[in-house]
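Peer 1: Next comes the sequence, and after it the predicted model I'd like to discuss.
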There are 2 protein chains.
Amino acid sequence: MMYHHYSLQAFTVKVFLKMGCPDDQAQQAAKVLIDADLKGIDSHGIARLPGYVRLWEKDRLTADPKIEVVHETPSTAVIDGDGGLGLVVAPEAMKVAIGKAGTAGTGWVSVRNSNHYGTAGYHAMMAVEKDMIGISMTNASPLVAPTFSSERLLGTNPMAVAIPALSQPPFLADFATTTVANGKLEVMKRKGQPIPQGWAQDNEGNPSTDASCVEQGGALVPLGGTREFGSHKGYCLGSIVDIFSAVFSGANYGPWVPPFVSFLEPGSNPVGKGIGHFFGAMRIDAFRPAEEFKSEMDRWITRFRSSKPVQGEEQVLIPGDPERTTYKIRLIEGIPLLPPVIKSFEVLAEKFHLEAPEAIK
Amino acid sequence: MMYHHYSLQAFTVKVFLKMGCPDDQAQQAAKVLIDADLKGIDSHGIARLPGYVRLWEKDRLTADPKIEVVHETPSTAVIDGDGGLGLVVAPEAMKVAIGKAGTAGTGWVSVRNSNHYGTAGYHAMMAVEKDMIGISMTNASPLVAPTFSSERLLGTNPMAVAIPALSQPPFLADFATTTVANGKLEVMKRKGQPIPQGWAQDNEGNPSTDASCVEQGGALVPLGGTREFGSHKGYCLGSIVDIFSAVFSGANYGPWVPPFVSFLEPGSNPVGKGIGHFFGAMRIDAFRPAEEFKSEMDRWITRFRSSKPVQGEEQVLIPGDPERTTYKIRLIEGIPLLPPVIKSFEVLAEKFHLEAPEAIK
């Protein structure tokens, strides 16, 4: 079933309002989720709305947080998210980073006491419209085993970097620091197919082709897959995201990061508060005139896109291209929702005395 | 044959002095190279000394550069390396980043008109002794094909992040953004063995198991190896390093980066000056008290190191562990040099009327 993005946006805003979110925060949170759906990143879109509601029902989410800068220098800040929605805390933190970049050239903000913040890319992109490079990363609950480990110690810990161009669209890299996201295993499981060796491991740490292996106590593996193909580099990346997001800010890190799902309880010995994020903004003209930089980016992008592709592929892509294509289509044709997601919205609608969103006829 | 590090250091300094480097710069350049050999990163150590000499002989290297800050804000700077040794330009740039972090909380420096800078990790580590996190990256001559490309458009573009701890040694990630470094292919070629599928591709872009495929016009591939295992993420990383290092600073980027080897001429249509680097320094106490942060890093490191290893592996390692082990051994037992490297030093000694370094009896 297909839905107009504005009807999903309206419904999502209403649900957040019912939870007690202030109007501007409900709008912001819904915008972050719908942006993911429009880009085709369905795993991080409004399908997660019931998950946020369940966390709130368990008192693990502050609907009306006091987001505070607790420490700062000319180019840095630490923010306490007061247990609020990451969807709201993250854009606030990114605004602080952008503000600092305005005066100091760059701004860097580490955040504690937050929750799941949607896609990393949304927040990084906020800098681009100000002629800045945007950086965004977050830690997440442990699903990933470092190289040589049979234990899960890291989250999929994504990072995003957004870079403006002149006549070309921005460069937007946004990726988990694992071989694949957990959602890919779920897709293969639904299809009843094995996963390629190198995506995940069982609970003893052996490479597994069973799409259920992570559910059964196994783990995702860092980008690179195995030591032979550089998984220690993916392990480095996931660790850097963890340390910048949480050790800088005083959030939980590594295996102590609380789970997003409400049916798993947070650990009883936290090492910090909530989950952590890290944001950066670098003003282009703190390095060279913005027009000059953006025009070189046009040349960079054009050269890479015009590279001779390997047989069977149409074109070399620029980071952000696939999501831009999906965005254009879904803005007009609507966003597809799976039956379980639609059902979960009907349950939410009943709970909060709302009308469920209507599908496009 | 084994050599004491101080005899190799002394010889290297003399060679740089003969090239016309000022004394302090010759010392600094030699230190960066020997540090790589002590850590076991032989591909980036003094084996490259004859390569630097050949570049200088071809007038592609300034022995006595005027390294200049050409633009700055409170937290940023752009530096022109005047075609100097990257081994000298990079530490100067890192000092500027560290200085800016002292006042603004963080410092970020993009460098143009430089040359090969040795290991990324050396420069990142300079920040650690000041209780800062250090970041270092550089672009390099094109050997890597982006995902779906049959052309080489990126270098192995390494990045390093160094993070201090309290009683534990620092976290030091230092890695190329490809599956493997080119040196690994050379080792397999010498052994007459095929390379694993996923390390490189032939000149049509097909996966290759031929250890000579890159020499024959093929390419290394981004970390991840293939699209199915996330090579688009490695492609993103290599691109980010390229853009921060060169588009920010006005150096050559992508396929325009000049080759390190003197027998290949730089392109006739450069888009910038020399190669580019990017450095960052973040003062720990710009986020939270340094002792507090470093004590949490101790807990992070101890927890990861005590993780249950997979069968057949002794321990989960912390980034930097393997190099630290080699360093301790080589500091005492000496640095092994291969016969072709020894021979090349004898040639250098004759050219400059020096005594070649003596092996340990």
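Peer 2: Thanks, I have the structure now.
Peer 1: Assign a three-state SS to residue A:282, would you?
Peer 2: Using DSSP: H, G, I helix; E, B strand; the rest coil, the structure places residue A:282 in strand.
Peer 1: now swap in residue A:147 and tell me
Peer 2: coil.
Peer 1: Tally up the residues packed near it, please.
Peer 2: Residue A:147 has 23 neighbours, counted by other CB atoms under 10 Å in any protein chain shown. Placement of C-beta: from N, CA and C, glycine included.
Peer 1: Tell me if I'm right that it and residue A:235 touch.
Peer 2: Yes: under the criterion of CB atoms under 8 Å, residue A:147 makes contact with residue A:235 at 4.8 Å.
Peer 1: can you list residues touching both of the two?
Peer 2: Counting by CB atoms under 8 Å, 6 or more residues apart in numbering or on different chains, the residues touching both residue A:147 and residue A:235 are residue A:222.
Peer 1: quick one: furthest residue from the center of chain A?
Peer 2: Within chain A, the residue lying farthest from the chain centre (CA atoms, centre = their mean) is residue A:311, at 32.5 Å.
Peer 1: Run through the strands of chain A in chain order.
Peer 2: Secondary structure of chain A (DSSP state E): strands at A:2-3, A:68-73, A:76-80, A:106-114, A:132-138, A:159-163, A:171-175, A:200-201, A:207-208, A:219-220, A:275-283, A:335-336.
Peer 1: Determine which of these approaches residue A:42 most closely.
Peer 2: With CB to CB as the measure, strand A:335-336 is the member of the strands of chain A nearest residue A:42 (8.2 Å).
Peer 1: Okay, helices next: where are they in chain A?
Peer 2: A:5-18, A:23-38, A:49-57, A:86-104, A:120-128, A:182-191, A:231-242, A:290-305, A:321-333, A:339-352 (DSSP state H).
Peer 1: Check which helices and strands the fifth one sits against.
Peer 2: The one in question is helix A:120-128. helix A:23-38, helix A:86-104, strand A:132-138, strand A:159-163, strand A:171-175, strand A:275-283 (3 or more CB pairs under 8 Å, 6 or more residues apart in numbering or on different chains; DSSP states H and E).
Peer 1: Contact distance from chain B - what residues of the stretch 51-200 of chain A qualify?
Peer 2: A:71, A:73-76, A:78, A:103-106, A:108, A:110, A:146-151, A:153, A:161, A:163, A:171, A:173, A:175-180, A:196, A:198-199 (CB under 8 Å from any CB of the partner chain).
Peer 1: circling back to that earlier point, now do the same for the residue farthest from the centre of chain A: its pLDDT.
Peer 2: pLDDT, the model's per-residue confidence, is 93 for residue A:311.
Peer 1: was I right about it contacting residue B:201?
Peer 2: No: in this structure, residue A:311 is not within contact of residue B:201 by CB under 8 Å, at 11.4 Å.
Peer 1: Quickly list what's touching both of those two.
Peer 2: Common neighbours of residue A:311 and residue B:201 (criterion: CB under 8 Å, 6+ apart): none identified.
Peer 1: if we can go back for a sec, including distance to residue B:239, could the helices and strands packed on helix A:120-128 go into CSV?
Peer 2: Listed next are the helices and strands packed on helix A:120-128 as CSV, based on distance: least, CB to CB, whole Å:
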stretch, distance to residue B:239
helix A:23-38, 23
helix A:86-104, 22
strand A:132-138, 13
strand A:159-163, 9
strand A:171-175, 7
strand A:275-283, 16
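Peer 1: what does the domain assignment say about chain A?
Peer 2: Per automatic domain parsing, the domain ranges recorded for chain A read A:1-64+A:324-361, A:65-178+A:221-319, A:180-218.
Peer 1: looking at those, which is buried most?
Peer 2: Greatest average neighbour count among the domains of chain A goes to domain A:65-178+A:221-319 (a mean of 23), per mean count of other CB atoms under 10 Å in any protein chain shown.
Peer 1: Can you check the distance spanned by that one, start to finish?
Peer 2: 34 Å (CA to CA, to the nearest Å).
Peer 1: ok now that domain, how far from the chain's centre?
Peer 2: Here domain A:65-178+A:221-319 shows a centroid-to-chain-centroid distance of 8 Å under the convention CA atoms, centre = their mean, to the nearest Å.
Peer 1: coming back round to it: including mean pLDDT and distance to residue A:262, could the strands of chain A go into TSV?
Peer 2: What follows is the strands of chain A, written out as TSV (pLDDT from 0 to 100; distance: least, CB to CB, whole Å):
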stretch	mean pLDDT	distance to residue A:262
strand A:2-3	98	25
strand A:68-73	98	26
strand A:76-80	98	22
strand A:106-114	98	16
strand A:132-138	98	19
strand A:159-163	98	26
strand A:171-175	98	26
strand A:200-201	96	24
strand A:207-208	94	27
strand A:219-220	96	21
strand A:275-283	98	14
strand A:335-336	96	25
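Peer 1: Adding distance to residue B:29, write the ones you listed out as TSV.
Peer 2: Supplementary listing: the strands of chain A in TSV, determined by distance: least, CB to CB, whole Å:
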stretch	distance to residue B:29
strand A:2-3	62
strand A:68-73	33
strand A:76-80	33
strand A:106-114	29
strand A:132-138	31
strand A:159-163	32
strand A:171-175	34
strand A:200-201	44
strand A:207-208	44
strand A:219-220	42
strand A:275-283	29
strand A:335-336	57
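Peer 1: about what we covered before: minimum distance to residue B:206: which of the helices and strands packed on helix A:120-128 has it?
Peer 2: strand A:171-175 (25.1 Å).
Peer 1: List every C-alpha atom in that closest one, with coordinates, as PDB.
Peer 2: Taking C-alpha atoms only, strand A:171-175 is exported to PDB below (Å, rounded to 0.1, in the frame of the first residue of the first chain):
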ATOM      1  CA  PHE A 171      28.000  14.300  -1.800                       C
ATOM      2  CA  LEU A 172      26.300  12.400   1.000                       C
ATOM      3  CA  ALA A 173      28.000   9.400   2.500                       C
ATOM      4  CA  ASP A 174      25.800   7.700   5.100                       C
ATOM      5  CA  PHE A 175      26.700   4.100   6.200                       C
END
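Peer 1: Brilliant, that's me finished.
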